[in-house]
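Student: Predicted model and sequence follow; I will ask about them next.
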Amino acid sequence: MQSVPATSTSVAVPPAGSTKDHWNQHARQWNWVSSPLRPATEDVAIAASAVQQWSDTHQPARLSTVLLGVTPELARMPWPVDTQLLAVDRSEPMIHSLWPEDLPHSSVVCGNWQSLPLPAASQQVVLGDGCFVLLDWPATWQAVLQEVHRVLQPGGLFIMRYFLRPDHPETIDEVFARLQQGRIGNFHAFKWRLAAALHGTLAQGVRIADVWHEWHTRVPNPQTLADQLGWPLEVVSTINNYRDAPAGYTFPTLVEARQALSRQFHELSCTFPGYELGDRCPTFVMERT
Ligand SMILES: C[S@@+](CC[C@H](N)C(=O)[O-])C[C@H]1O[C@@H](n2cnc3c(N)ncnc32)[C@H](O)[C@@H]1O
């Protein structure tokens, strides 16, 4: 695999996010965010290898690809020669903070995944990282899956890392006990475990403001906890983005994720990474039916 030379363009349209959109703050704190929220090298390798394999098999004249979001690790992954990449994200702060302007054969547009600015069956690959955690079930999940299906050509590739909740969730008390005992390796893994513990059904999801509230109630002095666990306060403070945020997150079980995908996609692989909480962060590689 190799990277391809050329230019990168930026197309801006009005932002969809409100001032309460936590992505504003998230963009500013991106360097304090890490795995499992951001994809690790092994997640990127799964996507890169699936794309290269698809390209080797189908030999398209040019690979047309859509990235849902502006996840820099995926944007910068090794692409087959002559790949054309379009990234779509509705947050201008995220685009401006994260999009690598030096990326060859690529462009970014501020837009919604529910209405991608592309003709039907025009793309060979659509990919993204953890996108569905941000979407409510069932309406927005289905609208985005329908849109991905629409823009992909039959047999095209859909690659997505999902954030799952376990079949038998931890209780909130268990999550905090494990935190205090130093049995959770990093703050973002803790955040995801707490969110999953507070989660209802897939239709209910979890309000991220409730994640912040539970945290704030139980850990009134984060500096002490950060010192005790040896975590930078800046990393621990990323949870403050959730305060008063209107967003809800959805964490499907593995069965629920598969059920949702199986209507329009054929599963080629589902790979669980080896890092902490990797058993809840599989990458699905799917083929459009
Ligand atoms: C790609 S997801 C990745 C989640 C990430 N792994 C995390 O939790 O930090 C994040 C991006 O999705 C964008 N986003 C969320 N819903 C969207 C939608 N319906 N259309 C376009 N972009 C959306 C947000 O603006 C944000 O930049």
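Tutor: Perfect, I can see it now.

Student: going forward, measure contacts and count neighbours with C-alpha atoms only.
Tutor: Fine.

Student: near the ligand at all, the longest helix along the chain?
Tutor: The helix spanning the most residues in the chain, taking DSSP state H as the definition, is helix 41-58. No: judged by Cα under 6 Å from any ligand atom, helix 41-58 and the ligand are separated, with a smallest distance of 11.6 Å.

Student: List the buried residues of that helix.
Tutor: Of the residues in helix 41-58, those with enough neighbours to count as buried (16 or more other Cα atoms under 10 Å) are 43-44, 46-52, 54-55.

Student: Same question for stretch 254-262.
Tutor: Residues of stretch 254-262 classed as buried under the neighbour-count rule (16+ other Cα under 10 Å) are 254, 257-258, 260-261.

Student: count of neighbours near the closest residue to the ligand within the stretch 101-250 of the chain?
Tutor: With Cα to the nearest ligand atom as the measure, the residue in the stretch 101-250 of the chain that lies nearest the ligand is N112; the distance is 3.5 Å. Neighbouring residues of N112 were enumerated by other Cα atoms under 10 Å; the total is 17.

Student: ok, and the closest non-adjacent residue to it?
Tutor: The shortest distance from N112 to any residue that is not its chain neighbour, by Cα to Cα, 6 or more residues apart in numbering, is 5.6 Å, and that residue is R90.

Student: wait, isn't the one you found in contact with G111?
Tutor: Yes: with contact defined as Cα atoms under 8 Å, R90 counts as touching G111 (4.7 Å).

Student: ok so, going back, need the buried residues of helix 41-58 in JSON lines (columns: distance to G248).
Tutor: Supplementary listing: the buried residues of helix 41-58 in JSON lines, determined by distance: Cα to Cα, whole Å:
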{"residue": "D43", "distance to G248": "25"}
{"residue": "V44", "distance to G248": "26"}
{"residue": "I46", "distance to G248": "28"}
{"residue": "A47", "distance to G248": "27"}
{"residue": "A48", "distance to G248": "30"}
{"residue": "S49", "distance to G248": "32"}
{"residue": "A50", "distance to G248": "31"}
{"residue": "V51", "distance to G248": "31"}
{"residue": "Q52", "distance to G248": "35"}
{"residue": "W54", "distance to G248": "35"}
{"residue": "S55", "distance to G248": "36"}
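
Student: just those residues now: which is nearest the ligand?
Tutor: Proximity of these to the ligand, judged by Cα to the nearest ligand atom, is greatest for D43, which lies at 11.6 Å.

Student: OK, contacts around that closest one?
Tutor: By Cα atoms under 8 Å, 6 or more residues apart in numbering, the contact list for D43 reads 161, 273, 283.

Student: Which positions in the stretch 1-150 of the chain make contact with the ligand?
Tutor: Residues of the stretch 1-150 of the chain found near the ligand, taking Cα under 6 Å from any ligand atom as the criterion, are 23, 37-38, 68-69, 71, 89-91, 94, 111-113, 128-131, 134.

Student: Which ones among the residues you listed lie within helices?
Tutor: With DSSP H as the criterion, helices contain 23, 94 from among those.

Student: Kindly write the ChimeraX command that selects the buried subset of the residues of the stretch 1-150 of the chain next to the ligand.
Tutor: Buried members of these can be picked out in ChimeraX with the line below, counting by 16+ other Cα under 10 Å:
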select :23,38,68,69,71,89,90,91,94,111,112,113,128,129,130,131
